[in-house]
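J.: following is a predicted model, sequence given first.
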Amino acid sequence: MPETNRSVTETGYFVTGGTLRHDASCYVERPADRQLMSGLLSGEFCYVLTSRQMGKSSLMVRTAGRLRNLGTDVVVLDLTAIGLNLSAEQWYDGLVVRMANQLRLEDELEEFWTGNARLGPLQRMMAALQQVVLPKLAVRAGQSGTPSGSPSNGVRLVVFVDEIDTVRSLPFSTDEFFAAIRECYNRRAIDREFNQVTFCLLGMAVPADLIRDPRMTPFNIGQRIELTDFSELETAPLESGLDSRLAQSGRDRSHSGRMMKRVLHWSAGHPYLTQRLCKAVVDAELSLHSALSSEQFIDRLCEDLFLSSRARERDDNLLFVRERLVRTEKDLAALLGLYELIWKGDSVKDEEENPLVEELRLAGIVRASAGLLTVRNRVYFQVFDPVWVKANKPEAEVEKPGGERVVMLGSCSMGRAPGNDIVLTGDKVSRRHAQIQRQHGNEFWLVDLGSSNGTFLNGRRVTQPVLLGDTDQIEIGQFRLVFRQSSRPKRKLAGESSSEKTIVDLRL
């Protein structure tokens, strides 16, 4: 059996989901590989912030292996491995423990950590880096024959911090953690010792997410590494992985090129979609290879994997994109409205300062081309079409007395004061009387804001947040308003009115 065939059929040449080994044959090198390696070796603080399943962690593993081969010490801190239900003390201790294990400094860092309990956890961690880690690594380098000063490339230690978006779920703010990383960079101007360490941050976020407190300086340092989709030239390793399977089916290996082109026709080089289709080619029955043309074969696989109704509810990537969009913290109606314009081919600029554009990019559903946004690939174009947008867009309105309708794009305040979204002038209406608030995509909840005369829904007084349904009637003073939501039919359980559906964690 040829060597390539063993790799494909016995050990699994293609990998979908998860992190690739540093020596994986199906790894596709992109410009980001060279940019990240060059940036870290020159001491740059780098960040790779993009959507999921783009190969961030695989890039990190491969780069870490190359750095180690050059004699640079590497620490990889995967924040998902530390946990979420922790105190700040436990979380920072977890970071130090992992650093100690990877640098073989367990005893030294344990002694420092317990001996400096008077310091706060972040201060203790950064002090351990400066007073224990860097000096010990310098001594170790001298013992191995490397000068005890800074190494020739200027960097002795590279710290990768992966899955940084998980910090949003911690019960405490991590603004100071990222501020401390920024301080390591700024300290280089007065302390040359900090030239020996650099950081690489990876995750699904934007720089503005790292430090959210407006009283603190934003995270404004470092080199952004852009992870692009695979180009046709870059997919040569994947094409070679198809060769042996084609030989088994009796086809000329030249068909692998045609298949790869058709894969890219659908995936446009999206790492996960491309690897998934290639793996499906290898796993498919040999009879399918011989019965269909290369293009028909790939189209058939694409339908089964991504485009069918069943596939749309099962594929991890499609589910992630969908959930990221419909559960956004941004204005869902505006977000899907902007996406629909892009789908239709309107000229929408790639504006980094536009939070809706950033949200679409983090969902991974769009890409930039010549300064304009387009749907990222044909799979997404077919799955997330205007029919899908309409089904998920919150088409809710409030009908005022007289028939005028107010479109619900987010929260809507009602009361006597002029600043309300719906102004109701009456002696039984409080200045800020009630509010309708969107939650979890297209759910709308009615909240009484402590009004003097109360808010009524379908004749019952509202005493806690209540989920609204189509044609529900809201009474405020002498005014009667009707809530309408065509895309979400009114739900009613036997013996239960909609006013009995409540939410506990509504954020006012």
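T.: Good, I have the coordinates.
J.: isn't residue 478 up against residue 426?
T.: Yes. Assessed by CB atoms under 8 Å, residue 478 is found in contact with residue 426 at 5.4 Å. The C-beta positions use only the backbone N, C-alpha and C, and glycine is treated the same way.
J.: quick check: residue 234 touching residue 31?
T.: No. With contact defined as CB under 8 Å, residue 234 does not count as touching residue 31 (9.1 Å).
J.: who are the contact partners of residue 408?
T.: Residue 408 sits next to 333, 394, 396-398, 436, 438, 444, 485 when contact means CB atoms under 8 Å, 6 or more residues apart in numbering.
J.: just these now: which is nearest residue 314?
T.: Residue 314 lies nearest to residue 394 out of the contacts of residue 408, by CB to CB, at 25.4 Å.
J.: quick check: mean pLDDT across the longest helix along the chain?
T.: Determined from DSSP state H, the single longest helix within the chain is helix 88-103. For helix 88-103, mean pLDDT is 96.
J.: what's in contact with the following helix or strand past it?
T.: The helix or strand immediately downstream of helix 88-103 is helix 106-115, counting by DSSP states H and E. Residues from elsewhere that reach helix 106-115 (CB under 8 Å, 6+ apart): 93, 96-97, 99-100, 124, 127-128, 131-133, 136.
J.: tell me the angle of helix 106-115 relative to helix 88-103?
T.: Note on geometry: by axes from the mean of the first three to the mean of the last three CA atoms, to 10 degrees, helix 106-115 and helix 88-103 are set 160 degrees apart in direction.
J.: who are the packing partners of the very next helix or strand once past helix 106-115?
T.: Tracing the chain C-terminally past helix 106-115 and defining elements by DSSP H and E, one meets helix 121-128 next. Helices and strands touching helix 121-128, by 3 or more CB pairs under 8 Å, 6 or more residues apart in numbering; DSSP states H and E, are helix 88-103, helix 106-115, helix 175-186.
J.: and the last one, what does it pack against?
T.: Counting contacts by 3+ CB pairs under 8 Å, 6+ apart, helix 175-186 packs against helix 121-128, strand 197-203.
J.: just those: most buried one?
T.: Between those, the one whose residues have the most neighbours on average, counting mean count of other CB atoms under 10 Å, is strand 197-203 (a mean of 24).
J.: lowest-pLDDT helix or strand in the protein?
T.: Within the chain, no helix or strand scores below helix 3-9, which has a mean of 37 by mean pLDDT, DSSP states H and E.
J.: output the next helix-or-strand element following it as PDB, nothing but the C-alphas.
T.: Per DSSP H and E, the first helix or strand lying C-terminal to helix 3-9 is helix 31-41. Taking Å, rounded to 0.1, in the frame of the first residue of the first chain, the C-alpha atoms of helix 31-41 are listed here in PDB:
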ATOM      1  CA  PRO A  31       0.600  34.300   5.300                       C
ATOM      2  CA  ALA A  32      -0.400  34.400   9.000                       C
ATOM      3  CA  ASP A  33       2.100  31.600   9.800                       C
ATOM      4  CA  ARG A  34       5.000  33.800   8.500                       C
ATOM      5  CA  GLN A  35       3.600  37.000  10.000                       C
ATOM      6  CA  LEU A  36       3.100  35.500  13.500                       C
ATOM      7  CA  MET A  37       6.500  33.800  13.600                       C
ATOM      8  CA  SER A  38       8.300  37.000  12.400                       C
ATOM      9  CA  GLY A  39       6.400  39.200  14.800                       C
ATOM     10  CA  LEU A  40       7.000  37.100  17.900                       C
ATOM     11  CA  LEU A  41      10.700  36.700  17.100                       C
END
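J.: can you list contacts of the helix or strand just after helix 31-41?
T.: Counting by DSSP H and E, the element after helix 31-41 in chain order, helix or strand, is strand 46-49. The set of residues that contact strand 46-49 without belonging to it, under CB under 8 Å, 6+ apart, is 32, 36, 39-40, 56, 59-60, 164, 198-207, 222-225, 227.
J.: stretch 422-433 now?
T.: The set of residues external to stretch 422-433 that reach it, using CB under 8 Å, 6+ apart, is 398, 400, 406, 412-417, 420, 448-453, 455, 476-479, 481.
J.: run through the chain and note the low-pLDDT ranges.
T.: By pLDDT under 70, the low-scoring segments of the chain are 1-12, 143-154, 244-254, 286-290, 394, 409, 441, 486-508.
J.: can you give me the strands for the stretch 251-400 of the chain?
T.: If DSSP state E, counting those that start in this stretch is used as the criterion, the strands of the stretch 251-400 of the chain fall at 366-369, 372-375, 396-399.
J.: residue 221 contacts residue 184, correct?
T.: No. Applying CB under 8 Å as the test, residue 221 and residue 184 come out as separate, 9.5 Å apart.
J.: buried ones in stretch 315-329?
T.: Of the residues in stretch 315-329, those with enough neighbours to count as buried (16 or more other CB atoms under 10 Å) are 315, 317-318, 320-322, 324-326, 328.
J.: ramachandran angles for residue 445?
T.: In this entry, residue 445 is assigned phi and psi values of phi -120, psi 140 (degrees, to the nearest 10).
J.: what's around it, how many residues?
T.: Other residues near residue 445 number 20, with proximity taken as other CB atoms under 10 Å.
J.: contacting residues for it?
T.: Shown in contact with residue 445 (CB under 8 Å, 6+ apart): 436-439, 465-468, 503, 506.
J.: now the residues you listed as CSV including distance to residue 384?
T.: Formatted as CSV, the entries for these read as follows, by distance: CB to CB, whole Å:
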residue, distance to residue 384
436, 27
437, 26
438, 21
439, 23
465, 31
466, 32
467, 27
468, 27
503, 28
506, 29
